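A.B. asks: model this:
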Amino acid sequence: MSIRALIVDDEPLARTGVRQLAEPLEDVTIVGEAADGSEAVQEIKRQEPDLVFLDVQMPEMSGLEVVREVGVEAMPLTIFVTAYDQYALEAFEAHALDYLLKPIEEARFEEALERARQQLRRVEADTLNRQLRGVLREYADEDQEGGIERFTVRSRDRIYFVDAEDVQWIESEGDYVALHDGEDAHLVRKTMKKLEEQLDSAQFLRVHRSYIVNVEYIDELRPLDHGTYQLRMASGTPLKTSRGYSDNIDALLDATG
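C.D. replies: Numbers count the residues shown, from 1 in each chain. Next up is the predicted model:
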């Protein structure tokens with residue numbers, strides 16, 4: 001059995017590393033490379049490879065977005081390649097999809113290839129489809145039409161969910177955000193910029209570099225200087241807006257009369 005493989009990674013050195021590990025293998029033929037997600041989609045459709053080494057974290061279009069764009073049914077067997085990301089790895093492991101950590105170790109690469117060989121021999125397409133759908137469901141919160149409906153929160157000993165409608169305000173914590181529901185704060189690995197793009201703009205409003213608020217929980221706005229306001233949330237928490245987001249506050253006031 002000859003395995004036709006495509007390498008997808010935005011880092012040239014990473015693509016070279018995978019190629020150098022794969023080319024000595026007699027049953028693997030590298031049919032091409034792609035340097036970004038859109039190119040990956042084109043090459044998958046054009047080449048119809050048996051196997052794709054797919055980088056998860058690419059700008060513009062991530063590896064998971066490539067899977068969505070190609071379609072689960074049309075996606076070849078996939079080995080995800082990623083820098084260390086605990087949450088991504090948990091998703092792949094939970095749904096029996098293989099992954100490689102950067103920098104890739106030769107022994108781990110050979111192990112992943114052997115698993116790919118076995119799957120290509122015996123796994124039917126519907127099984128692979130179920131596995132891919134399982135991973136995509138882990139990230140489904142980010143792609144709901146109308147915005148995120150619930151957040152998946154992962155702690156050391158459990159995974160639980162927080163409904164977006166229960167979140168009063170959101171605070172930046174570096175590469176994380178803290179979801180405040182009035183009683184507790186729940187840490188989620190996500191940046192404010194990415195989160196602002198994914199939330200329902202009719203419900204959530206960016207009022208400060210560090211704050212996004214749920215407009216349903218604003219009890220009071222008190223004007224301050226230079227177009228800024230002091231907000232009081234339903235929980236009693238005071239939050240100060242910044243001038244850079246004054247247009248958002250003005251739009252809210254116009255909408256509510």
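A.B. asks: Sort out which residues of the helix or strand harbouring Thr152 are buried, please.
C.D. replies: Taking DSSP states H and E as the criterion, the element that holds Thr152 is strand 150-154. By neighbour count on 16 or more other C-beta atoms under 10 Å, the buried set for strand 150-154 is 151-153. Where you see a C-beta, it was placed from the backbone N, CA and C, and this is true even at glycine.
A.B. asks: before we move on, what about stretch 209-222?
C.D. replies: Of the residues in stretch 209-222, those buried (16+ other C-beta under 10 Å) are 211-214, 217-218, 221.
A.B. asks: so which of those comes closest to Val70?
C.D. replies: The shortest approach to Val70 among the buried residues of stretch 209-222 belongs to Ile212, at 32.3 Å (C-beta to C-beta).
A.B. asks: ok, now which ones touch the closest residue in space to that closest one that isn't next to it in sequence?
C.D. replies: Closest residue to Ile212 apart from its sequence neighbours, by C-beta to C-beta, 6 or more residues apart in numbering: Ile170 at 4.3 Å. The contact partners of Ile170, by C-beta atoms under 8 Å, 6 or more residues apart in numbering, come to 177-180, 192, 195, 204, 211-213.
A.B. asks: tell me which residues form a beta bridge with Ile170?
C.D. replies: Here Ile170 sits in beta bridges with Leu179, Ile212, going by DSSP bridges.
A.B. asks: got any ranges where the stretch 151-257 of the chain has weak pLDDT?
C.D. replies: Filtered on pLDDT under 70, the stretch 151-257 of the chain yields the residue ranges 156-157, 256-257.
A.B. asks: sorry, back to before: separate out the buried members of the contacts of Ile170.
C.D. replies: For the contacts of Ile170, buried by 16+ other C-beta under 10 Å: 177, 179-180, 192, 195, 204, 211-213.
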